[in-house]
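Chemist: My questions are about this predicted structure, shown below with the sequence.
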Amino acid sequence: LVLPVDVGGVQRWWELSASPRFDERGVFLGFRGVGSDITVQRESADKIAQLARFDPLTGLPNRAHLHEALEKAMAGTDPRGRGCVFMMIDLDHFKTVNDTLGHQIGDKLLGQVARRLRQICSDKEFCGRIGGDEFGVVIADAVDEFHVTDLANAIIGALSRPYQIDQHTLHVGACVGSAVSPADGRTSEALIRSADLALYRAKGEGGGMHCAYEPQLHVKAEERRQLEMALREALEKDQLHVLYQPVVDARQGSVLGFEALVRWTHPEMGPISPAKFVPVAEEARLIA
């Protein structure tokens, strides 16, 4: 047996190991054994268990714990009705804080973000840190879309207020993407993916907003993936070419130079607009 024991007002942990003892007539006399103080080992084991399930920087549940909570919530909902909700949160301009003020200030900022999230989320909502400047919230009970929208807006408002860290006043915003089971995903992985696509859209529209998942987001993401793969192949096969547009002095009528414009003609899809493939090239770091 492992038992908590109060010793002088301080809790210790004792491990007791014993065997029953009987007299010559078979009458039970009691137990005889050994008691060991295992307080140090117990605290070490608790710390390891804490590190395995909680983020050491913010104290919030970590990615694995959050995933576990989501799977539990999905298992406990009615598959025929509206189920649980997963919300993904990403900070705006966090990278700028790290780049200009250093990771130590960035870590303190994440700690304050975590405290604000705890204050906003009720007992019905399970919030955790996914990693980097991304956080997640699981809403286990079946809720309506208005509750999700209100909570998302509350999170964005709270996380967008100024932060005072050391002598610095910092301003960052937040984006939220949400997905609801089973409509947006019947597994935890699918639901997280849907929330991530909604978050990507929120960031693409300027940040500081909440977007709910819509089926066409998956279609657009697949189109972008296919376009990136085709663009990588185009670079390898030298399918890109350059057109030159003259720059003319309107008063003199003379050519001052040329603007070089990259163009892409795909062998199957035909000409692809730069407005479509240049942003993909930038995001995929194909522009050097």
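Modeler: Nice, I can see it.
Chemist: burial count for the closest residue to residue 161 other than its chain neighbours?
Modeler: Spatial nearest neighbour of residue 161, chain neighbours left out: residue 116 (8.0 Å); criterion: CB to CB, 6 or more residues apart in numbering. (Each C-beta comes from the backbone N, C-alpha and C, glycine too.) Look at residue 116: counted by other CB atoms under 10 Å, it has 16 neighbours.
Chemist: ok, residue 116 - contacts?
Modeler: Shown here is residue 116, whose contacts under the criterion CB atoms under 8 Å, 6 or more residues apart in numbering are 158, 159, 161.
Chemist: How about residue 245?
Modeler: By CB under 8 Å, 6+ apart, the contact set of residue 245 is 258, 259, 261.
Chemist: From those, which land in strands?
Modeler: 258, 259, 261 (DSSP state E).
Chemist: Setting the sequence-adjacent residues aside, check what's closest to the last one.
Modeler: Meaning residue 261. residue 243 (4.8 Å).
Chemist: likewise the first one?
Modeler: Sequence neighbours aside, residue 244 is the residue nearest to residue 258 in space, at 4.2 Å (criterion: CB to CB, 6+ apart).
Chemist: between the ones in strands among the contacts of residue 245, which is nearest residue 230?
Modeler: Using CB to CB, residue 261 is the member of the ones in strands among the contacts of residue 245 that sits closest to residue 230, with 19.6 Å.
Chemist: Where do the strands of the stretch 51-200 of the chain begin and end?
Modeler: In the stretch 51-200 of the chain, the strands defined using DSSP state E, counting those that start in this stretch lie at 85-92, 125-131, 134-139, 163-165, 168-170, 173-180.
Chemist: Can you get me a residue count around the closest residue in space to residue 191 that isn't next to it in sequence?
Modeler: Distance criterion CB to CB, 6+ apart; nearest residue to residue 191, sequence neighbours excluded, is residue 185 at 3.5 Å. Number of residues near residue 185 (other CB under 10 Å) recorded here: 20.
Chemist: picking up where we left off before, out of the strands of the stretch 51-200 of the chain, flag the one nearest residue 40.
Modeler: Of all the strands of the stretch 51-200 of the chain, strand 125-131 comes closest under CB to CB, at 29.1 Å.
Chemist: what angle sits between that closest one and strand 85-92?
Modeler: Here strand 125-131 points in a direction 50 degrees away from that of strand 85-92 (axes from the mean of the first three to the mean of the last three CA atoms, to 10 degrees).
Chemist: buried sites along strand 125-131?
Modeler: Residues of strand 125-131 classed as buried under the neighbour-count rule (16 or more other CB atoms under 10 Å) are 125, 126, 127, 128, 129, 130.
Chemist: swap in stretch 215-226?
Modeler: Buried residues in stretch 215-226 (16+ other CB under 10 Å): 217, 224.
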